[in-house]
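Novice: Sequence and predicted structure, then a few things I'm wondering about:
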Amino acid sequence: MTTVAKTTPNSQRRSYPSVQSLRAWFAASPSAFVGGTLIILLLIIAFSAPLFAPYTPEEMDFAAALTGPSPTHWLGTDNFGRDVLTRVVFGYRISMAVALGSVGVGLIVGVTLGLLAGYFGGIIDNLIMRPMDVLMAFPAIVLVVALTGFVGRNLSIMILAIGIVYVPIFARVMRGATLEIVGQLYVEGARARGASPLRLMLIHVLPNAIAPVLIQASALMGIAILLESGLSFIGLGTQPPDPSLGLMLSEGRQFMTDAPWMVIVPGVAISIAVLGFNLLGNGLQDTLNPSRKGQ
Amino acid sequence: MSLLSVRNLTTEFRVGGQWLAAVSNVSFDLQPGEILGLVGESGCGKSTTAYSLMELLPSNARVANGEVWLRDTQLLGMGESRWRDIRGTQLAMIFQDPMTALDPVFTVGDQVMETLREHLGLSHKDARARTLALFRQVGIPAPEQRFNAYPHQFSGGMSQRIALAIAISCHPHVLIADEPTTALDVTIQAQILRLIRRLLVEGQGTGVLLITHDLGVVAQVCDRVAVMYAGEIVEIGDVQSIFSDPRHPYTQALLNSLPSRQVEPGQLANIQGYVPGLASRPSGCRFNPRCAHAKPICSKQPPPRIQLSPEREVACVLYNE
């Protein structure tokens, strides 16, 4: 009976975040706290970009082309005289949409498939997982290139393509976690109390098995941003004049010596987002452990 | 009519392409308000028997033969959807390791409420009140506060009390307790066993099948006992007469190997040899290679079941005529 004595009435558990609970969160996992805060800030910036950005992303000022950081253009301008800060802020929009969208697709489809495969096993497992193995064997970038080549280049195709690449990864992680949880006594116990397979899967297996999947998800969000940047860099992702972090890198390449801020700024912006997701993923490993909840 | 009646239950496991019987021809009856102990060494098929009764066997096992009657309903092979109405409400089960028998991501209160709401269709408010009453019944101090606690905040004994609260919540007719006290220390063991007797057997007239390898537990709470060896019941009868006058050589040896305070220090009595594995069970009487009274016939044909008295049965050739 180690912690029972100090258990406080748990009514705070469902209350709104207070300074106290934020502090508790930080203490439980500084890395989740920093990562989470970073991601939330970036999301706010991305989705309210017009409020933050001093210019519009396509606004050109040829007189000020390729000027360095200055009071009018804090992070300099590009070869068309467009404000780099504005374009990074709008670039985050695309990056975040790709990160959330592709992971969302992968998560929903992959978790469902993995849960079914792990829970039922046998033939169903094989029917689901063998195609996943085939999909997994495709290098991500080739699959995305092929898909965008077939269907065309636009944002939702790119999100879908990266999402499809993610499906087998999520399915595998979910299946593994499910296999472990299905063998647990409390699942057996729930079955002995007459719970239906659907109930067992959704109420008992899913919440217990989801932690590694969420950790994977936050890491894959970072990778999605990198993939989007890479695809835009080679000309298959976002098309000019839309501002994408990868596209900005690609455009800035030719002016690297004259205007280094054109590559440094989007490069650092990508790193910050990826770092945020990775910190969050690391931190989630600690906070999602139920035995640390309520302490 | 018996509450639970098991007839010729045979459960097999698939091992390397062939089916081997882990439980063979097990038959027993359980009356309302009775605790029947099922004792035997590890691997003798006690737990497999329990899981067979609930049809909760792993995918590499099957019930090959036999019937399980709950009053006048045949349970085996009745299909998952009908089973779901029976499990939890008519047949409940508690397990050996209480620490892993509760779902770690839900509060204990939610877990007790789950069954109440699922099976009895209670509203959230009623289920909560019932849960708190159950907590009080099973002896959880400060139930309102513990309601929102997570299983990891509970000790083994407290967790087993919660498991018991879940098991009794829907007034089951039969409770199958698979080594419910093995993981607990002795004082807690006694408390849990007393709870089972007071709440279920005396309170609700539940029949309890208590699986254990602890003869002390059997002597303490059981009314009758069935002794299992290598997948078969070798002797069954009321606790008093089996403990005072064991007939089957295995029961005798088992009781003989209990350390007691009267005996002078020295070597403890034991039974020579090992329990045979599933694939290497001897022919005839399965105990014959380890039996002190074995005769040539013992290895040739299975022993007859001999009714010694209305309550006692033994499977041994020694009592023929």
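Specialist: Sure, I can see it. Numbers count the residues shown, from 1 in each chain, chains lettered A, B, ... in the order given.
Novice: Angles on the backbone of the residue in the stretch 201-321 of chain B that chain A sits nearest to, please.
Specialist: Closest residue of the stretch 201-321 of chain B to chain A, C-beta to the nearest C-beta: B:Leu209 (13.1 Å). Yep, even glycine has a C-beta here, placed from its N, CA and C like the rest. Dihedral pair for B:Leu209: phi -100, psi 110, per degrees, to the nearest 10.
Novice: what about the closest residue to it other than its chain neighbours, how many neighbours?
Specialist: Once flanking residues are discounted, B:Leu209 sits nearest to B:Ile176: 4.9 Å by C-beta to C-beta, 6 or more residues apart in numbering or on different chains. If you count neighbours by other C-beta atoms under 10 Å in any protein chain shown, B:Ile176 ends up with 28.
Novice: Make sure B:Ile176 is actually in contact with B:Gln90.
Specialist: No - taking contacts as C-beta atoms under 8 Å, B:Ile176 lies outside contact range of B:Gln90: 11.3 Å.
Novice: check contacts around B:Arg281.
Specialist: B:Ala230, B:Gly231 (C-beta atoms under 8 Å, 6 or more residues apart in numbering or on different chains).
Novice: how does it look with 10 Å?
Specialist: Counting by C-beta atoms under 10 Å, 6 or more residues apart in numbering or on different chains, B:Arg281 makes contact with B:Leu20, B:Ala21, B:Ser24, B:Ala230, B:Gly231, B:Glu232, B:Val275.
Novice: Any figure for the gap between the first one and chain A?
Specialist: To chain A, B:Leu20 is 21 Å away according to C-beta to the nearest C-beta, to the nearest Å.
Novice: And A:Glu59, how far from chain B?
Specialist: Using C-beta to the nearest C-beta, we find A:Glu59 at a distance of 51 Å from chain B.
Novice: Leaving out the residues flanking it, which one is nearest to that residue?
Specialist: Leaving aside its chain neighbours, A:Glu59 sits nearest to A:Arg82 (6.4 Å; criterion: C-beta to C-beta, 6+ apart).
Novice: How about the contacts made by the one you found?
Specialist: Contacts of A:Arg82 by C-beta under 10 Å, 6+ apart are A:55-61, A:64-65, A:73, A:241, A:243, A:248, A:251.
Novice: Now do the SS call for B:Phe28.
Specialist: strand (DSSP: H, G, I helix; E, B strand; the rest coil).
Novice: which of the residues in the helix or strand containing B:His119 are buried?
Specialist: Per DSSP states H and E: B:His119 is located in helix B:108-120. Under the neighbour-count criterion of 16 or more other C-beta atoms under 10 Å in any protein chain shown, helix B:108-120 has B:Val108, B:Gly109, B:Asp110, B:Gln111, B:Val112, B:Met113, B:Glu114, B:Thr115, B:Leu116, B:Arg117, B:Glu118, B:His119 buried.
Novice: Show the overlap between those residues and what lies near chain A.
Specialist: B:Gly109, B:Asp110, B:Gln111, B:Glu114, B:Thr115, B:Glu118, B:His119 (C-beta under 10 Å from any C-beta of the partner chain).
Novice: Quick one: the residues you listed as CSV, columns for distance to B:Pro282 and pLDDT too.
Specialist: Listed next are these as CSV, based on distance: C-beta to C-beta, whole Å; pLDDT from 0 to 100:
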residue, distance to B:Pro282, pLDDT
B:Gly109, 52, 92
B:Asp110, 50, 91
B:Gln111, 45, 90
B:Glu114, 47, 87
B:Thr115, 44, 85
B:Glu118, 47, 84
B:His119, 45, 86
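Novice: and of those residues, the nearest to chain A?
Specialist: Among those, B:Thr115 lies closest to chain A (C-beta to the nearest C-beta), at 5.2 Å.
Novice: my guess is the closest one meets B:Ile166, correct?
Specialist: Yes - with contact defined as C-beta atoms under 10 Å, B:Thr115 reaches B:Ile166; the gap is 5.6 Å.
Novice: Now for these two: what residues contact both?
Specialist: Residues touching both B:Thr115 and B:Ile166 (C-beta under 10 Å, 6+ apart): A:Ala190, A:Arg193, B:Gly88, B:Ala92, B:Thr131.
Novice: Going along the chain, name the helices of the chain.
Specialist: If you meant another chain, say so; for now it's chain A. For chain A, helices defined by DSSP state H occupy the ranges A:19-28, A:30-47, A:49-52, A:84-120, A:122-137, A:140-151, A:155-182, A:185-192, A:197-199, A:206-233, A:245-252, A:261-287.
Novice: Not quite, go with chain B.
Specialist: Counting by DSSP H, chain B has helices at residues B:46-54, B:80-86, B:98-101, B:108-120, B:124-137, B:143-146, B:156-168, B:186-195, B:203-204, B:215-221, B:239-244, B:249-256.
Novice: Where does the prediction get shaky in the chain?
Specialist: You didn't say which chain, so I picked chain A. For chain A, the stretches with pLDDT under 70 are A:1-19, A:21-22, A:25, A:286, A:288-295.
Novice: The intended chain is chain B.
Specialist: Across chain B (using pLDDT under 70), the flagged ranges come out as B:261-265, B:321.
Novice: Give the residue farthest from the middle of it.
Specialist: B:Lys125 (34.3 Å; C-alpha atoms, centre = their mean).
Novice: And that residue, how close does it get to chain A?
Specialist: For B:Lys125, the distance to chain A - C-beta to the nearest C-beta - is 17 Å.
Novice: Now B:Thr107: closest residue in space that isn't a chain neighbour?
Specialist: B:Asn148 (5.0 Å).
Novice: right, and that neighbour touches B:Met113 too?
Specialist: No - applying C-beta under 10 Å as the test, B:Asn148 and B:Met113 come out as separate, 11.6 Å apart.
Novice: which residues do these two both contact?
Specialist: B:Thr107.
Novice: Tell me which of the helices of chain B sits most buried.
Specialist: helix B:156-168 (a mean of 25; mean count of other C-beta atoms under 10 Å in any protein chain shown).
Novice: Could you name the helices and strands sitting against that one?
Specialist: helix A:185-192, strand B:91-94, helix B:98-101, helix B:108-120, helix B:124-137, helix B:143-146, strand B:174-178, helix B:186-195 (3 or more C-beta pairs under 10 Å, 6 or more residues apart in numbering or on different chains; DSSP states H and E).
Novice: Share the number of residues neighbouring residue 268, please.
Specialist: I went with chain A, as the question did not name one. For A:Val268, the count of nearby residues is 14 (other C-beta under 10 Å).
Novice: Not quite, go with chain B.
Specialist: 11.
Novice: Contacts only, for it.
Specialist: B:Leu268 neighbours (C-beta under 10 Å, 6+ apart): B:Asn256, B:Ser257, B:Leu258, B:Pro259, B:Ser260.
Novice: Enumerate every residue touching the spatially closest residue to the third one that is not a sequence neighbour.
Specialist: Which is B:Leu258. Distance criterion C-beta to C-beta, 6+ apart; nearest residue to B:Leu258, sequence neighbours excluded, is B:Leu215 at 5.9 Å. B:Leu215 is in contact with B:37, B:39, B:222, B:225, B:227, B:239, B:242-243, B:251, B:254-255, B:257-258, counting by C-beta under 10 Å, 6+ apart.
Novice: now B:Glu313
Specialist: Each residue near B:Glu313 by C-beta under 10 Å, 6+ apart is listed here: B:27-28, B:226, B:233-237, B:247-248, B:305-307, B:319.
Novice: Among the residues you listed, give me the pair with the biggest separation.
Specialist: For the contacts of B:Glu313, the farthest-apart pair by C-beta to C-beta is B:Phe28 and B:Tyr319; their separation is 18.8 Å.
Novice: Those two: who's more crowded?
Specialist: A count of neighbours by other C-beta under 10 Å puts B:Phe28 above the other of B:Phe28 and B:Tyr319, at 19 against 16.
Novice: where do the contact lists of B:Ile176 and B:Gln90 overlap?
Specialist: Taking C-beta under 10 Å, 6+ apart as the contact rule, the neighbours common to B:Ile176 and B:Gln90 are B:Leu4.
Novice: Can you point out the buried residues in stretch B:308-321?
Specialist: Quick answer for stretch B:308-321 (16+ other C-beta under 10 Å): B:Arg312, B:Glu313, B:Val314, B:Ala315, B:Cys316, B:Val317, B:Tyr319.
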